[in-house]
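Engineer: everything below, folded, please.
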Amino acid sequence: MQNPDQLDEQAIDTALAGTPFAGKLQPSATIESTNSHAREQARQGAPHGSFYIADEHTACRGRSDHQWHSDASQGLYLSVLLRPSIAIADLVWIPLLAGLAAHNAIREVTALAPDLRWPNDLLIGSGKAGRKTGGILVEGQTEGDQVTAAVIGIGINLHQQRFPAGLATEPTSLDLETGRETSRQQLLIGILQSLNSELATLQSKSALAAIPDRIAAISTWVQGRRVDVHGPQPCTGVTAGLDERGFLHVRTATGLVTVTTGGIRAAVD
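Structural biologist: Alright, predicted model coming up:
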């Protein structure tokens, strides 16, 4: 029986033929953070489409410097280096496109349909009972008014059967949810194939304009959900959809707040 975590580089290259990711896998056994490594590789001139995968993270970070629990050989720990020809203002689309790509790949590989908690948490199950199975962290590098690089970090729990206590959101893994082993290679290929399709959206104004509605279609969090907002715009209110840039509207007791950064949790009443 094939090891579900085994990576066949030739098979990956074949599956990714015709994408900017073919032939650019950089695997590691143990690394502090694939995102930190990818950012350093970007500064050293690594090409568009390079992607970095590790069996284990020792200093993994999530959004707002939250720690991400990443046991050895238990998840997909991936960072993708992009050099998109976009203005800084358009960097806001990349986390949303990455969220769509991860959602699509998980659904294709496992038949699960993860809920997207704006902006980039992947949960299984809706409502307050949603269990976190993955997260996305995008970090940009800029020069003047142009983006020189963007690193997309994606961490997804695959095989974990138990988790440490005290995590902010109840965690889960794809194996726990499906009752079978999830192929890391199959999910990796699915994410990169979907990401390649989603990135084409950056070249179309009409396709970009459709992103907020596409996010709303896979997320129970962006409309009618009472939430606490954490980050630089803390508030409590009811989500009222996304604006034309993908930012979250929250209707509070004092008026409508447009949340441009940070994250949300179900409000504790």
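Engineer: pull the longest helix from this structure.
Structural biologist: Ranked by residue count under DSSP state H, the longest helix found in the chain is helix 93-110.
Engineer: what comes up buried for it?
Structural biologist: With burial defined by 16 or more other CB atoms under 10 Å, the residues of helix 93-110 counted as buried are 93-106, 108-110. (Each C-beta comes from the backbone N, C-alpha and C, glycine too.)
Engineer: cool, stretch 16-29 as well?
Structural biologist: Quick answer for stretch 16-29 (16+ other CB under 10 Å): 16, 19, 20, 21, 22, 24, 25, 26.
Engineer: which residues touch the last one?
Structural biologist: When the contact criterion is CB atoms under 8 Å, 6 or more residues apart in numbering, the partners of residue 26 are 41, 50, 51, 52, 53.
Engineer: thinking the third one is in contact with residue 80, fair?
Structural biologist: The reference is to residue 51. Yes. Here residue 51 reaches residue 80: they are 4.6 Å apart, a contact under CB atoms under 8 Å.
Engineer: any low-confidence regions in the stretch 51-200 of the chain?
Structural biologist: For the stretch 51-200 of the chain, the stretches flagged by pLDDT under 70 are 57, 59-72, 126-129.
Engineer: if we go to 50?
Structural biologist: Applying pLDDT under 50 to the stretch 51-200 of the chain flags residues 63-66.
Engineer: show me the strands in the stretch 1-150 of the chain, by range?
Structural biologist: Using DSSP state E, counting those that start in this stretch, the strands of the stretch 1-150 of the chain run over 25-31, 51-57, 75-82, 115-117, 121-124, 131-143, 146-157.
Engineer: and for residue 179, the neighbour number?
Structural biologist: A count of nearby residues for residue 179, using other CB atoms under 10 Å, gives 6.
Engineer: how much space between the residue most central in space within the chain and residue 148?
Structural biologist: In the chain, the centroid-proximal residue (CA atoms, centre = their mean) is residue 136; its distance is 2.7 Å. Using CB to CB, to the nearest Å, one obtains 20 Å as the distance from residue 136 to residue 148.
Engineer: next: residue 25.
Structural biologist: 22 Å.
Engineer: swap in residue 255?
Structural biologist: When residue 255 is compared with residue 148 (using CB to CB), they lie 38 Å apart.
Engineer: comparing the two, which residue is more hemmed in?
Structural biologist: residue 148 (13 against 9).
Engineer: wait, the more buried one sits on residue 91?
Structural biologist: No. Residue 148 is not in contact with residue 91 according to CB under 8 Å; the separation is 11.2 Å.
Engineer: residues contacting the residue nearest to residue 27 when sequence neighbours are not counted?
Structural biologist: Nearest residue to residue 27 in three dimensions, chain neighbours excluded: residue 53, at 5.3 Å (CB to CB, 6 or more residues apart in numbering). Residues in contact with residue 53 (CB under 8 Å, 6+ apart) are 7, 25, 26, 27, 28, 34, 76, 77, 78, 79, 188.
Engineer: I'd like those as TSV, with distance to residue 236 appended.
Structural biologist: Listed next are the contacts of residue 53 as TSV, based on distance: CB to CB, whole Å:
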residue	distance to residue 236
7	44
25	44
26	43
27	43
28	41
34	34
76	34
77	33
78	34
79	33
188	38
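Engineer: quick check: residue 168 is in a helix.
Structural biologist: No. Read with DSSP: H, G, I helix; E, B strand; the rest coil, residue 168 is coil and lies in no helix.
Engineer: now it: closest residue in space that isn't a chain neighbour?
Structural biologist: In space, and not counting its chain neighbours, residue 168 is closest to residue 265: 7.1 Å by CB to CB, 6+ apart.
Engineer: residue 226 too?
Structural biologist: Spatial nearest neighbour of residue 226, excluding adjacent residues (CB to CB, 6+ apart): residue 267 at 4.4 Å.
Engineer: just the pLDDT at residue 245, thanks.
Structural biologist: In this model, residue 245 is scored at 95, pLDDT.
Engineer: now residue 30
Structural biologist: Residue 30 is given a pLDDT of 87.
Engineer: and the helices in the chain?
Structural biologist: 9-15, 34-43, 93-110, 174-178, 184-199, 205-209, 211-218.
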